[in-house]
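A.B. asks: Just need the structure, nothing else, for what follows:
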Amino acid sequence: MNYWLPLRWCRVLEGKRPQTKRLLNPIMACFRSEGRGTRMRPGPVSPGSLLWLSLLATVSPVALLNPEDPNVCSHWESYAVTVQESYAHPFDQVYYTRCTDILNWFKCTRHRISYKTAYRRGVRTMYRRRSQCCPGFFESADLCVPLCTEECVHGRCVSPDSCQCEPGWGGPDCSSGCDSDFWGPHCSNRCQCRNGAKCNPITGACVCTDGYQGWRCEELCDPSFYGKDCLLECQCLHGATCHHQTGECLCAPGYTGAFCEEPCPPGKHGSQCEQRCPCQNGGSCHHVSGECSCPAGWVGPVCAQPCPFGSFGLNCSQECTCRNGGLCDHISGQCQCTAGYVGERCQDECPVGTYGPQCAHKCDCQNGAKCYHINGACLCNEGFKGPSCQDRFCPAGLFGLLCDKYCPYRPCAAHSSRVLTETGSLSHRRRLTIQDALNHPWIKSNEHKDEGKTQEPQKREKRQLKTKRLREYTIKSHSSMPPNHTYADFERFAQVVEDIEQMEASFLSLAAAHDSLQQDLDAVVSAYNEKEARCREESEGVRHELSQIRYDFRKVEALKRSLQDDVQALSGRLSAAAQRYRQRQSLLDALQAELGRELRWVQEAVAALPAGGGGGGGGFSTCSFSTVFNHDVNEALKELLSRSRGGELVSGINLDLTEAGQQR
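C.D. replies: Numbering: from 1, shown residues only. Next comes the predicted model:
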């Protein structure tokens, strides 16, 4: 069955895109219009071929634009349509009436203007809505996309000459990377990083410089770590801290060296070993605190004071053993004897005939007198006096304590050991020394009695007075020295002896207390050292475990930040993909609706065609649509529809254009 192809279709088909024209060339060759008629020359057109021509007419850029797209602008345009219209056509109608005209058989011809319905071709102005891309937009893949004069390098064109940049890029054409202080789309977000850190231009995450940590890089590395991400462990010793960026050791007071492994050199102490030690007399200072450690014989904050009297040695802890008032050296403890004494402990008096310091002086006493070993004073024999015992004590014929007694018979022998008694009789007695007199049994017995606790106070005072007078009498009776001088020396000597005895007792008690205290102190120090060693060992183990935990924690934190950056980037890509999917879905819906309308139009057009055609008269007998559409055109049309995103929309349409398909 053959149909006429309207000229309008040919014009529509001629306005298609180049690839459409390539497919229509063999078809248009069959339907070239000759002249200006409203019809093309007839040719065999089957219903299947007519359907395909209708589909080709729908695959146009204008038809696929979505009118609801805000980027699509619509306007009304006028066009002329040639139509056939009816009108009242006047004509001269001749009719006959009866009259008196005999020649015409009483019929007279009359004329009148009558009207009849006639048809003529007219031009009618029609209006239709035309859709096209708004200014600043152009058509691409059936969409009106914005036109940017300059290409958006790292972004997309969202409006005329306006780019939407990807995160991390800015500038009019999105070709400039964000500055170090900004990030995000169009570099609109200010970085919050500190201490010279840079932020990721896409996510805004801070990339800390060496030696810093934290979300904003506001924290220094922990004292035991340094470097990038604070993952490098310091190698410093003795409690030193390392520089948070370079790892250089900052030594604690008292230490030096690359790793603070060496104490300060002698004579230096304190921070960076810059302070000089103030210790004197060979003392050494502690390399940390500067506290002086004094050598033997010296004490004090700066070792400027010798040991106190009675002590010597290291820390003045040893007790002097010098006797008879001897002084010991505060360093070595060697005794320096007073005048009149010699020996390792000054325990011996000077040999007879010598006296003074180190017994270096010789006595010059006369008449067999002996000198005092301390100051060289002569101890005259009986009957002599004077500095050197050169003078007789009593004149000839006199005797007695005051030389006021006369010898009854004969003068007393000046050099004899015999003396006259108070009765005038001659008596021999042993010459006593001061020490012998003090050790007299009667004096000793009275001393012991004076020490009794049960005696009455008055009796004790009488005995003490008697003992005192007896001592005085004994010294005066048995000494050739002047009375006053002898008594004074004896009192001083007795007082020194008593003081020494009391000091010896005190020293013994103090030594016992010192020994007990030293034992207790040694026990405490031993326990303290043991506990300190155990605590130090446990502390070292805990410190190592904490260091490992910090290292693992930092690795987890770094991995966490990396995962967060990846999640943010993936979220951004998913959001962009979802947005593109929604756009494509909306375009697909619009395309489906438009194609549905066009298909309905084609169906109506096919239904409006006449049932029978003009046969094959006058057409191009050699042009057969059955051969044109059999294979090549069919495949080309499928390709065209697929490229126009219509492949999935027409998958349900029967595209079989073979002879069998046309017959069906």
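A.B. asks: Run through the neighbouring helices and strands of the strand or helix carrying Cys535.
C.D. replies: If you go by DSSP states H and E, Cys535 is part of helix 483-608. Judged by 3 or more Cβ pairs under 8 Å, 6 or more residues apart in numbering; DSSP states H and E, helix 483-608 is in contact with helix 47-58, helix 61-64, strand 225-226, helix 457-478. From N, CA and C alone the C-beta is placed, and that goes for glycine too.
A.B. asks: List the strands paired with the helix or strand following the second one, with their directions.
C.D. replies: Using DSSP H and E, the helix or strand that follows helix 61-64 in sequence is strand 72-98. Strand pairing for strand 72-98, using DSSP bridges, gives strand 107-133 (antiparallel).
A.B. asks: Show the subsequent helix or strand relative to the partner strand.
C.D. replies: By DSSP H and E, the next helix or strand past strand 107-133 is strand 137-140.
A.B. asks: Any regions of the stretch 551-664 of the chain where pLDDT drops low?
C.D. replies: Residue ranges of the stretch 551-664 of the chain with pLDDT under 70: 606, 609-664.
A.B. asks: any low-confidence regions in this protein?
C.D. replies: For the chain, the stretches flagged by pLDDT under 70 are 1-64, 399-403, 408-494, 606, 609-664.
A.B. asks: mind giving me the domain split of it?
C.D. replies: Domain ranges of the chain: 1-71+584-664, 155-207, per automatic domain parsing.
A.B. asks: Pull up the distance across the last one, start to finish.
C.D. replies: Distance between the boundary residues of domain 155-207 (Cα to Cα, to the nearest Å) amounts to 24 Å.
A.B. asks: sec struct for His238, please.
C.D. replies: Per DSSP: H, G, I helix; E, B strand; the rest coil, the secondary structure class of His238 is coil.
A.B. asks: list the contacts for it?
C.D. replies: Neighbour list for His238: 251-252, 254-255, 260-261 [criterion: Cβ atoms under 8 Å, 6 or more residues apart in numbering].
A.B. asks: 6 Å instead?
C.D. replies: Contact partners of His238, counting by Cβ atoms under 6 Å, 6 or more residues apart in numbering, are 252, 255, 260.
A.B. asks: In strands, which of these appear?
C.D. replies: Tyr255 (DSSP state E).
A.B. asks: Need the buried ones from the contacts of His238 selected in PyMOL.
C.D. replies: Selection of buried members from the contacts of His238 for PyMOL, criterion 16 or more other Cβ atoms under 10 Å:
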select buried, resi 255+260
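A.B. asks: Nearest to Leu563 among the contacts of His238?
C.D. replies: Proximity of these to Leu563 (Cβ to Cβ) peaks at Cys260, which lies at 38.6 Å.
A.B. asks: I'd say that closest one and Glu248 touch.
C.D. replies: No - between Cys260 and Glu248 there is no contact, the gap being 10.5 Å when judged by Cβ atoms under 6 Å.
A.B. asks: what's the burial count for Glu150?
C.D. replies: When neighbours are counted by other Cβ atoms under 10 Å, Glu150 registers 13.
A.B. asks: Check Tyr372 too.
C.D. replies: Neighbours of Tyr372 using other Cβ under 10 Å come to 17.
A.B. asks: Repeat that for the one 3 residues further on.
C.D. replies: The number of residues packed near Asn375 is 11, by other Cβ under 10 Å.
A.B. asks: Please apply the same query to Arg392.
C.D. replies: By other Cβ under 10 Å, 17 other residues sit near Arg392.
A.B. asks: Against Asn367, how distant is it?
C.D. replies: Separation of Arg392 from Asn367 (Cβ to Cβ, to the nearest Å): 9 Å.
A.B. asks: related to what we said a few turns ago, give me the angle between the helix holding Cys535 and strand 72-98.
C.D. replies: Put simply, helix 483-608 runs at 20 degrees to strand 72-98, going by axes from the mean of the first three to the mean of the last three Cα atoms, to 10 degrees.
A.B. asks: Tell me which stretches of the stretch 301-450 of the chain form helices.
C.D. replies: In the stretch 301-450 of the chain, the helices defined using DSSP state H, counting those that start in this stretch lie at 434-438, 441-450.
A.B. asks: Look up which residues are beta-bridged to Arg392.
C.D. replies: For Arg392, the beta-bridge partners are Phe384 (DSSP bridges).
A.B. asks: Gly170 too?
C.D. replies: Bridge pairing for Gly170 - DSSP bridges - gives Ser176.
A.B. asks: now swap in Pro306 and tell me
C.D. replies: Here Pro306 sits in beta bridges with Trp298, going by DSSP bridges.
A.B. asks: Likewise for Cys108?
C.D. replies: Note on Cys108: beta-bridge partners by DSSP bridges are Thr97.
A.B. asks: That one against Thr100, yeah?
C.D. replies: No - assessed by Cβ under 6 Å, Cys108 is found out of contact with Thr100, at 8.3 Å.
A.B. asks: more neighbours, those two?
C.D. replies: The neighbour comparison of Cys108 against Thr100 (other Cβ under 10 Å) goes to Cys108, with 12 against 7.
A.B. asks: can you pull the contacts of the more buried one?
C.D. replies: Contacts for Cys108 (Cβ under 6 Å, 6+ apart) come out as 97, 99, 101.
A.B. asks: out of those, which is most surrounded?
C.D. replies: In these, the most neighbours by other Cβ under 10 Å go to Cys99, 13 neighbours.
A.B. asks: show me the contacts for it.
C.D. replies: The contact partners of Cys99, taken as Cβ under 6 Å, 6+ apart, are Cys108.
A.B. asks: Now do the phi/psi pair for it.
C.D. replies: phi -150, psi -170 (degrees, to the nearest 10).
A.B. asks: Please apply the same query to the one 5 residues further on.
C.D. replies: Dihedral pair for Asn104: phi -100, psi 30, per degrees, to the nearest 10.
A.B. asks: From Thr354, how far out is it?
C.D. replies: 217 Å.
A.B. asks: Counting neighbours, go ahead and name the busier of the two.
C.D. replies: Each of Asn104 and Thr354 has its neighbours counted (other Cβ under 10 Å); Thr354 has more, 18 against 11.
A.B. asks: nearest residue to that one other than its sequence neighbours?
C.D. replies: Nearest non-adjacent residue to Thr354, counting by Cβ to Cβ, 6 or more residues apart in numbering: Lys362, 5.9 Å away.
A.B. asks: Turn the contacts of Cys108 into TSV, columns for distance to Arg582.
C.D. replies: Putting the contacts of Cys108 into TSV (distance: Cβ to Cβ, whole Å) gives the following:
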residue	distance to Arg582
Thr97	84
Cys99	90
Asp101	92
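A.B. asks: ok, of those, which one's closest to Pro67?
C.D. replies: Nearest to Pro67 out of the contacts of Cys108 is Thr97 (Cβ to Cβ; 66.5 Å).
A.B. asks: could I get stretch 272-292 in PDB with only the CA atoms?
C.D. replies: Output of stretch 272-292 as PDB, limited to C-alpha atoms (Å, rounded to 0.1, in the frame of the first residue of the first chain):
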ATOM      1  CA  GLN A 272      74.600  23.500  80.300                       C
ATOM      2  CA  CYS A 273      77.600  23.200  82.700                       C
ATOM      3  CA  GLU A 274      78.000  27.000  82.700                       C
ATOM      4  CA  GLN A 275      78.300  27.600  86.400                       C
ATOM      5  CA  ARG A 276      81.700  27.400  88.200                       C
ATOM      6  CA  CYS A 277      82.100  25.400  91.400                       C
ATOM      7  CA  PRO A 278      82.700  27.600  94.500                       C
ATOM      8  CA  CYS A 279      84.400  24.900  96.500                       C
ATOM      9  CA  GLN A 280      87.700  25.700  98.200                       C
ATOM     10  CA  ASN A 281      90.600  23.700  99.600                       C
ATOM     11  CA  GLY A 282      90.400  21.000  97.000                       C
ATOM     12  CA  GLY A 283      86.700  20.400  97.400                       C
ATOM     13  CA  SER A 284      84.600  19.100  94.400                       C
ATOM     14  CA  CYS A 285      81.100  20.000  93.600                       C
ATOM     15  CA  HIS A 286      78.200  17.900  92.500                       C
ATOM     16  CA  HIS A 287      77.700  18.200  88.700                       C
ATOM     17  CA  VAL A 288      73.900  18.800  89.200                       C
ATOM     18  CA  SER A 289      73.300  20.800  92.400                       C
ATOM     19  CA  GLY A 290      76.800  22.300  92.800                       C
ATOM     20  CA  GLU A 291      76.900  21.100  96.400                       C
ATOM     21  CA  CYS A 292      80.500  20.800  97.600                       C
END
